[in-house]
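Visitor: What shape does this take:
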Amino acid sequence: MKIIDVRVVPANSFLYVKVYTDEGIEGVGESGTWGFLTASAEAVETFKTYLIGKDPLQIEHHWQYMYRCFHFRGAAVMGAISAIDIALWDIAGKYYGVPVYQLAGGKCRDKVRTYYHVSGSTTEELVEQIKKAKAAGYTAVGHLSPFLDEPRSKPYYESYTRMIDGAVDRVRQFREAAGMDVDLCLELHRRMKPSEAIDFAGKVAQYTPMFLEDPIIPDNFDDMAWIADHSPVPIATGERIHTIQEYQMLLQRHSMAYARVSVCICGGITGARKIAHIAEAHGALIVPHNPLSPVSTAACLQVAASVENFAIQELPDHEGISATERYTSTDKMDQKSFRQSDMVTWVPKVENGFALLPQTPGIGVELVDDVETKFPFKRRSINTRLHIDGSIVDQ
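Guide: All right, here's what the predicted structure looks like:
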């Protein structure tokens, strides 16, 4: 079997890659480079010149070749490798007639615990979303911001006291709404400085969050380690890094209890499994990052099913626009203008907070015919929040 074509498929705010073989087997993958999808598409076109004529089943060899060919990396490059890698695993599963997790050593679990995406620009909205998730049977809620999901068009200002103590009081209300049977996965959106994060963690620990995610920007591993060392609440991070070496450096610093592995940017299923094994050696669990489409979800579930040190899976609402678009939009965006589920043949079924695994060969999902025509691609706009004084705010 040989690869005869590699095609970039941009649709809506997503970037897919399809790999075609001379035996008629096709694979699909997704790039997770969010706002830089066109750059990732160009990287795919470069890798295509190598892939044509190759055996698609030599997945590890192709991963190493693409990753090491120029000794340059970055989100656009790794997003391209990730999409191609997922598509190759999809082909392999279809070739052997089994789900990908069977090729990766078999299932470690029969179903995958998920957390429900909660968002809101007011405390009341967030509390109501938590109650909704609990009523639907979810045992955890995530993407849950104690600092609110305010539109980026709104200038920001709060006093230090209001920022910290106001957020702590919201978490109190979250816990009261959730009770003791629903875990709170708190998303801090990189909005704090190290000392602020430590202060917040100490005050919020009484409400037993499952983890604090990305308290600071991910650039400084030593700062993240300092926070983790002083925080009574476990730290989750990693969604914005994309190499196994970066994860190794974070893990050896004990910077994370939960590795937020972005399957569509860290090297696909191959890269995510490498990272999971490094995390296992350090006693850390993985929480696959998944703000993308059902193709990403399908790939994440293959990883979640096949690695032992899995904790919980992020599961966005596939009945609306993408999570990344929703959380970076302005207050004028129509949140229900589009359904991701209309782009694909499958979305996960969730029962009592657990996603059922795809049973079909490959990763378990296909794009609908002519998806790029039915859902024209749109470039994501830059929309960074500003402080009331005009400076940049991390959110």
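
Visitor: can you count the residues close to Leu285?
Guide: 20 (other Cβ atoms under 10 Å). In short, each C-beta sits where N, CA and C put it, glycine included.

Visitor: From Cys266, how far off is it?
Guide: Taking Cβ to Cβ, to the nearest Å as the measure, Leu285 falls 16 Å from Cys266.

Visitor: Return the helix or strand bottoming out on mean pLDDT in the chain as CSV; C-alpha atoms alone will do.
Guide: None of the helices or strands of the chain scores lower by mean pLDDT, DSSP states H and E than helix 323-327, at a mean of 73. C-alpha atoms of helix 323-327 as CSV (Å, rounded to 0.1, in the frame of the first residue of the first chain):
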residue,chain,number,x,y,z
ALA,A,323,-14.6,26.2,21.8
THR,A,324,-11.6,28.2,20.8
GLU,A,325,-13.8,30.5,18.8
ARG,A,326,-16.3,30.8,21.5
TYR,A,327,-13.8,31.8,24.2
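
Visitor: Tell me how far it lies from the chain's centre.
Guide: 12 Å (Cα atoms, centre = their mean, to the nearest Å).

Visitor: ok, the next helix or strand after that helix: who's next to it in the sheet?
Guide: Remark: after helix 323-327, the chain's next helix or strand is strand 350-351, criterion DSSP states H and E. Each strand paired with strand 350-351, and its direction, by DSSP bridges: strand 354-356 (antiparallel).

Visitor: what's the distance between Asp185 and Ala197?
Guide: Not quite, residue 185 is Cys, not Asp. Look at Cys185 and Ala197: by Cβ to Cβ, they are 16 Å apart.

Visitor: neighbour-wise, which of the two wins?
Guide: When neighbours are counted by other Cβ under 10 Å, Cys185 and Ala197 differ, and Ala197 comes out ahead with 26 against 23.

Visitor: which residues touch that one?
Guide: 188, 212, 215-216, 227, 231 (Cβ atoms under 8 Å, 6 or more residues apart in numbering).

Visitor: where does this protein have low pLDDT?
Guide: 327-336 (pLDDT under 70).

Visitor: Now with 90, please.
Guide: 33-35, 71-73, 119, 150-153, 218, 319-338, 378-383, 395 (pLDDT under 90).

Visitor: mind listing the helices in it by residue range?
Guide: 37-51, 59-68, 75-96, 100-103, 123-135, 160-178, 194-204, 221-230, 244-252, 268-281, 294-306, 323-327, 371-374 (DSSP state H).

Visitor: Can you mark which positions in the last one are buried?
Guide: By 16 or more other Cβ atoms under 10 Å, the buried positions in helix 371-374 come out as 371-372.

Visitor: which helices and strands does that helix pack with?
Guide: Counting contacts by 3 or more Cβ pairs under 8 Å, 6 or more residues apart in numbering; DSSP states H and E, helix 371-374 packs against strand 3-11.

Visitor: how much space between Leu356 and Arg109?
Guide: Counting by Cβ to Cβ, the separation of Leu356 from Arg109 is 11 Å.

Visitor: End to end on stretch 226-236, go ahead and measure it.
Guide: Start and end residues of stretch 226-236 are separated by 14 Å (Cα to Cα, to the nearest Å).

Visitor: how's this protein carved up into domains?
Guide: Following automatic domain parsing, one finds the domains of the chain at 3-99, 103-361.

Visitor: Leu386 is nearest to which of these?
Guide: Nearest of these to Leu386, taken as Cβ to Cβ: domain 103-361 at 5.7 Å.

Visitor: check contacts around the residue nearest to Arg172 when sequence neighbours are not counted.
Guide: Distances taken as Cβ to Cβ, 6 or more residues apart in numbering put Tyr207 closest to Arg172, at 6.0 Å, once the chain neighbours are dropped. Tyr207 sits next to 171-172, 174-175, 184 when contact means Cβ under 8 Å, 6+ apart.

Visitor: Weed out the non-buried ones from those residues.
Guide: By 16+ other Cβ under 10 Å, these give 171, 174-175, 184 as buried.

Visitor: still on that earlier bit, give me the contact list for the least confident helix or strand of the chain.
Guide: Counting by Cβ under 8 Å, 6+ apart, 13, 34, 117, 119, 143, 149, 291-292, 316-317, 320, 333, 335, 380 sit against helix 323-327.

Visitor: Apply 6 Å and report the result again.
Guide: 13, 34, 291, 316 (Cβ atoms under 6 Å, 6 or more residues apart in numbering).

Visitor: Kindly report the same for stretch 156-170.
Guide: By Cβ under 6 Å, 6+ apart, stretch 156-170 touches 123, 146-147, 199-200, 203-204, 385, 387-388, 393.

Visitor: tell me the contacts of the nearest residue to Glu314 once chain neighbours are set aside?
Guide: Once flanking residues are discounted, Glu314 sits nearest to Asn290: 4.4 Å by Cβ to Cβ, 6+ apart. Residues near Asn290 by Cβ under 6 Å, 6+ apart: 296-297, 300, 314.
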